[in-house]
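*Asks:* sequence unknown, structure follows:
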């Protein structure tokens, strides 16, 4: 395993497979009530520029269940890069704690944190990438699919950090990615090129959600305006008309399709209430699996 996890491509295909197996093993032990505490007496620092429900709680509870402790730093606690240099924060925290998880705006900030930290740094989210989320999604798929090879995933909506992380996964794993975005909302072009040049996955971009979901085994949705894009919300609402994952769209996919959303969801916008509460939804399985995959990541990097 590498020292840090900033992007899925920091891991080899074998390391991704090992991590997913470890997460399944840890989840099974948790469900049985069996203690597993490889991080006894260890501490994880949580740095948040963006507030969160799932990221904070899953990492804090996960550290506790692994026998360790988590320290939460809010946006006002250290004012990363403003009150104090990122490099100074990294070097100081590395002398106090055994690991750092950061949920930030700019991806360059977490790269700098990792560069100057002597302890593992985990990307809990940046504007560019969200690796923990997509690793949790891969774990969720493995719970009902024998393996990930050729999994047909249709991503409908904004080419955001989650979409970019799916493309990063496609660099390492042979999956079939179809992305439907409005014109101008495509994923990061360098990451898209990286995935295509890797040559192991099928990747197709379209502006038509109906085309993307044909025979899809997974339909993936996310918010149209992410945190920090509030000023664009009205324009995005207009631009994303026709991109809601509703029952009519789900009916075009494989009959056993699973619907995913990384949450929080704006019901009635990017996804209908009927779908998120319907029989195809695995949204809350995904949410739970954030904790299990992150426990595997913590155990591998800090154990």
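*Replies:* That came in fine, so what should we check first? This one's a predicted model, so the numbers in the text were calculated from it and none came from an experiment.

*Asks:* Show me where the stretch 201-303 of the chain has its helices.
*Replies:* 209-212, 233-239, 247-250, 273-276, 283-302 (DSSP state H, counting those that start in this stretch).

*Asks:* what about those, which gets the closest to residue 113?
*Replies:* helix 283-302 (14.2 Å; C-beta to C-beta). C-beta coordinates here come from the backbone N, C-alpha and C atoms, glycine included.

*Asks:* The lowest-mean-pLDDT helix or strand in the chain packs against which elements?
*Replies:* Between all helices and strands in the chain, the lowest mean by mean pLDDT, DSSP states H and E belongs to helix 75-78, at a mean of 88. Judged by 3 or more C-beta pairs under 8 Å, 6 or more residues apart in numbering; DSSP states H and E, helix 75-78 is in contact with no other helix or strand.

*Asks:* Just checking, which helix or strand succeeds that helix along the chain?
*Replies:* Per DSSP states H and E, the first helix or strand lying C-terminal to helix 75-78 is helix 86-96.

*Asks:* Contacts for the helix or strand just after that following helix, please.
*Replies:* Next along the chain after helix 86-96, taking DSSP H and E as the criterion, comes strand 99-103. With contact meaning C-beta atoms under 8 Å, 6 or more residues apart in numbering, strand 99-103 is reached by 42-50, 52, 55-56, 59, 90, 93-94, 109-110, 113, 117, 119-126, 298, 301-302.

*Asks:* Recalculate using a threshold of 6 Å.
*Replies:* For strand 99-103, contacts defined as C-beta atoms under 6 Å, 6 or more residues apart in numbering pick out 44-48, 50, 52, 55, 59, 93, 110, 113, 117, 119-122, 124-125, 302.

*Asks:* can you give me the angle it makes with helix 283-302?
*Replies:* 140 degrees (axes from the mean of the first three to the mean of the last three C-alpha atoms, to 10 degrees).

*Asks:* Just the buried residues of the helix or strand just after strand 99-103, please?
*Replies:* Next in sequence after strand 99-103, counting helices and strands by DSSP H and E, comes helix 107-116. Buried positions in helix 107-116, judged by neighbour count with 16 or more other C-beta atoms under 10 Å: 107, 109-114, 116.

*Asks:* could you dump those to JSON lines with pLDDT and distance to residue 1?
*Replies:* Shown next, in JSON lines, are the buried residues of helix 107-116 (pLDDT from 0 to 100; distance: C-beta to C-beta, whole Å):
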{"residue": "107", "pLDDT": "98", "distance to residue 1": "21"}
{"residue": "109", "pLDDT": "97", "distance to residue 1": "23"}
{"residue": "110", "pLDDT": "98", "distance to residue 1": "18"}
{"residue": "111", "pLDDT": "98", "distance to residue 1": "18"}
{"residue": "112", "pLDDT": "98", "distance to residue 1": "21"}
{"residue": "113", "pLDDT": "98", "distance to residue 1": "18"}
{"residue": "114", "pLDDT": "98", "distance to residue 1": "14"}
{"residue": "116", "pLDDT": "98", "distance to residue 1": "20"}
